[in-house]
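> next come a sequence and a model predicted from it.
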Amino acid sequence: MKFSLTRQAIMLAVLALLPAAGEAIYFRDKISWRSPIPPSESVNADQARAWGQNAIWVDARPDEEFAQDHVPGALSLNEDRWNELLPEFLAAWSPGKKVIVYCSSLSCNASREVARRLRKEAQLPDVFVLEGGWEAWLKQK
Amino acid sequence: MSEQVTSVPSTISVQPSARPQFLWRIVDVIVAGIFIYAGVLKMVDPVQFANDIDNYKILPWPISVALAFYLPWLEIFCGLALIVRYFYRGALSILMALILVFTLATTAAKVRGLDITCGCFGHASQHWSFPAHLMTNLAIIAALVVLWVSNRLTKSLQGRRSAWGS
Amino acid sequence: MKTPIVAFALSIIISLSARAELKWEQTTIELHPTAADKQAVGHFKYQNSGKTPVHFKSVHASCGCTTAQTQKDEVPPGDKGEITATFNIGDRTGTQIKTVTVETDEAANQKTVLTLKTVIPQQLEINPTFLFWKQGDKPDQKTITVKVGKEFTVKHLKVTSSSPDFQTKVEEKGNGEFQIDVQPQETKNLIASTLTIQPDDSQKVFYATARITNAPTVQ
């Protein structure tokens, strides 16, 4: 059975789709199709709100942006003044609280960095990055 | 697409460019092995591969995720096709297209000034320099071209022989 | 079938490299500031090697901590200049990669990404920087591990607690590693302390927090 070159290529391309789809299903909890942040480390605005009083909101943006406007009750914690702001944040934290870190847009890295440092240096559990950032919060309002 | 493998000793050969089939089979297996190895390395950690694709800043994230799941399997299947000699030419052209596109993407990233630390061997090759990546890719392209040409020559050789009725 | 693909590929490579009027000396700069530096500055030098003037449409840094200054908005042919990228280190650690995206009105190469890679020397690596005891827990001793950065030598670590309710003890483990043992007097009250960690007589100090927290809230 001789196939043309295009036929062969198409058959191989289609064949590869099967295990690829299987893998996508297998890894569905480890990777999010919406953003590079792993699903275990991010949360969307609705879920975050549902946590109510159990959540602590952390604003990872620079001081000027925080001063202009921020999530009500959020604490400022950024890398410019980490050493100064961290103890204030830790004073508000207690075991069982869920930490939600946000910054100003999907492409901004500050919230991921602050979340990473809270997990790695302060060894806090339940630290999440807000999907969609500050903009997602504004949309909800 | 099975073929009659006929060894043509170069001393009695009518076509001076025909060579023993098994030499090309070795090249087949080596090239196939490289792609299968590269494919498996990327297949076992699709999260890392998706992030590596995203670093090129050419494609949107969801596409990077889709390719991260799909491309390694395509490499593996095409590599296997080279070894078992089924869908051979189709596999060869897909692999050629893959490595050409990949080489272009790496060069484009370098021109744009992005710090790309990953290559076609997944995260394992992240410490290679750009020239090392380029040289490896060009060598693989060369091997694929050579296999293609040899395959075409063999086909035309067999075609002519059957025409002579030998 | 091969030829058109090869031609296509070649044309892309040629168009990518040719006709870029603004030639950059480097698009990636690696900086190694000292531990005392507050800023790291990268000078991205360029020259207009084309025949038409190049106009900067936008110069945009990837984060608020990095500012980028162009000396001029319009670069006449043959002229040289630089974009100065200033990265405010703040309290950041490790290797920080910040980018500046430059948009021009060039025909072929409109967007260039300038990368500033800053390797911030880490004199001490403190793990963890936060110790806590729940109210009512046993006031057990907990440990902080301090590792000295490879390029540094530290003979002695001085640890002071801002509150006398927390006792600290420093042990040298050798091989650039220290151990700080922290113990609260009691866990009845919600007390806290900032631990100031000073390597030798260094001006730069490091911090850790110890506190008694509320018991977990009911979910």
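Received the coordinates, thanks.
> low-confidence ranges, chain B, go.
B:1-20, B:112-127, B:159-166 (pLDDT under 70).
> tell me where the chain has helices.
Reading this off chain A. For chain A, helices defined by DSSP state H occupy the ranges A:5-26, A:45-50, A:63-68, A:82-92, A:110-120, A:133-140.
> not what I meant, chain C
C:2-17.
> same question, chain B
With DSSP H, the ranges of helices along chain B come out as B:21-43, B:46-55, B:61-84, B:88-111, B:130-164.
> between those, which one is nearest to chain C?
Closest to chain C of those, according to Cβ to the nearest Cβ: helix B:88-111, at 5.1 Å. For the C-beta atoms, the positions are set from N, CA and C on the backbone; glycine is no exception.
> helices and strands around the closest one, which ones?
Under the contact definition 3 or more Cβ pairs under 8 Å, 6 or more residues apart in numbering or on different chains; DSSP states H and E, helix B:88-111 sits against helix A:5-26, helix B:61-84, helix B:130-164, helix C:2-17.
> using CSV, list the CA coordinates for that helix.
What follows is helix B:88-111, C-alpha atoms only, in CSV (Å, rounded to 0.1, in the frame of the first residue of the first chain):
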residue,chain,number,x,y,z
TYR,B,88,9.4,7.0,5.7
ARG,B,89,9.3,10.0,3.4
GLY,B,90,6.4,11.6,5.3
ALA,B,91,8.3,11.2,8.6
LEU,B,92,11.5,12.7,7.0
SER,B,93,9.6,15.8,5.7
ILE,B,94,7.9,16.4,9.0
LEU,B,95,11.2,16.1,10.9
MET,B,96,12.8,18.5,8.4
ALA,B,97,10.0,21.0,8.7
LEU,B,98,10.2,20.8,12.6
ILE,B,99,13.9,21.4,12.8
LEU,B,100,13.8,24.2,10.2
VAL,B,101,11.0,26.0,12.0
PHE,B,102,12.8,25.5,15.3
THR,B,103,16.1,26.8,14.0
LEU,B,104,14.4,29.9,12.6
ALA,B,105,12.6,30.5,15.9
THR,B,106,15.9,30.2,17.9
THR,B,107,17.7,32.6,15.4
ALA,B,108,14.8,35.1,15.6
ALA,B,109,14.8,35.0,19.4
LYS,B,110,18.6,35.7,19.3
VAL,B,111,18.1,38.6,16.9
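> if you compare the helices and strands packed on helix B:88-111, which one is most tucked away?
Greatest average neighbour count among the helices and strands packed on helix B:88-111 goes to helix B:61-84 (a mean of 21), per mean count of other Cβ atoms under 10 Å in any protein chain shown.
> now the helices and strands packed on helix B:88-111 as TSV including distance to A:Ala67?
As requested, those are exported to TSV (distance: least, Cβ to Cβ, whole Å):
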stretch	distance to A:Ala67
helix A:5-26	44
helix B:61-84	32
helix B:130-164	44
helix C:2-17	44
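> report the contact partners of the most centrally placed residue in chain B.
Geometric centre of chain B, nearest residue: B:Leu95, 4.0 Å, by Cα atoms, centre = their mean. By Cβ atoms under 8 Å, 6 or more residues apart in numbering or on different chains, B:Leu95 lies in contact with B:Val31, B:Phe35, B:Glu75, B:Cys78, B:Gly79, B:Leu82, B:Leu144.
> pull up the gap between the closest residue to chain B within chain A and chain C, please.
Using Cβ to the nearest Cβ, A:Gln8 is the residue of chain A that sits closest to chain B, at 2.5 Å. Distance, A:Gln8 to chain C, by Cβ to the nearest Cβ, to the nearest Å: 13 Å.
> verify the stated contact: that residue with B:Leu82.
No - counting by Cβ atoms under 8 Å, A:Gln8 stays clear of B:Leu82, with 11.8 Å between them.
> just give me the neighbour total for residue 69.
Looking at chain A here, since you left the chain open. Neighbour count of A:Asp69, defined by other Cβ atoms under 10 Å in any protein chain shown: 11.
> looking at chain C here, not the other one
So C:Gln69, with other Cβ under 10 Å, has 11 neighbours.
> what about the residue lying closest to the residue of chain A closest to chain B once chain neighbours are set aside, distance to A:Ile10?
Closest residue in space to A:Gln8, ignoring its immediate chain neighbours: B:Gly90 at 2.5 Å, by Cβ to Cβ, 6 or more residues apart in numbering or on different chains. For B:Gly90, the distance to A:Ile10 (Cβ to Cβ, to the nearest Å) stands at 8 Å.
> now list whatever residues contact both of A:Gln8 and B:Leu82.
Taking Cβ under 8 Å, 6+ apart as the contact rule, A:Gln8 and B:Leu82 both touch B:Tyr88, B:Ala91.
> quick one, which of the helices and strands packed on helix B:88-111 is nearest to C:Leu157?
helix B:130-164 (42.3 Å; Cβ to Cβ).
> which elements pack onto that closest one?
Contacts defined by 3+ Cβ pairs under 8 Å, 6+ apart place helix B:130-164 against helix B:21-43, helix B:88-111.
> what number of residues lie near the residue nearest to A:Gln8?
23.
> pretty sure it is touching A:Ala9, no?
Yes - counting by Cβ under 8 Å, B:Gly90 touches A:Ala9, with 4.0 Å between them.
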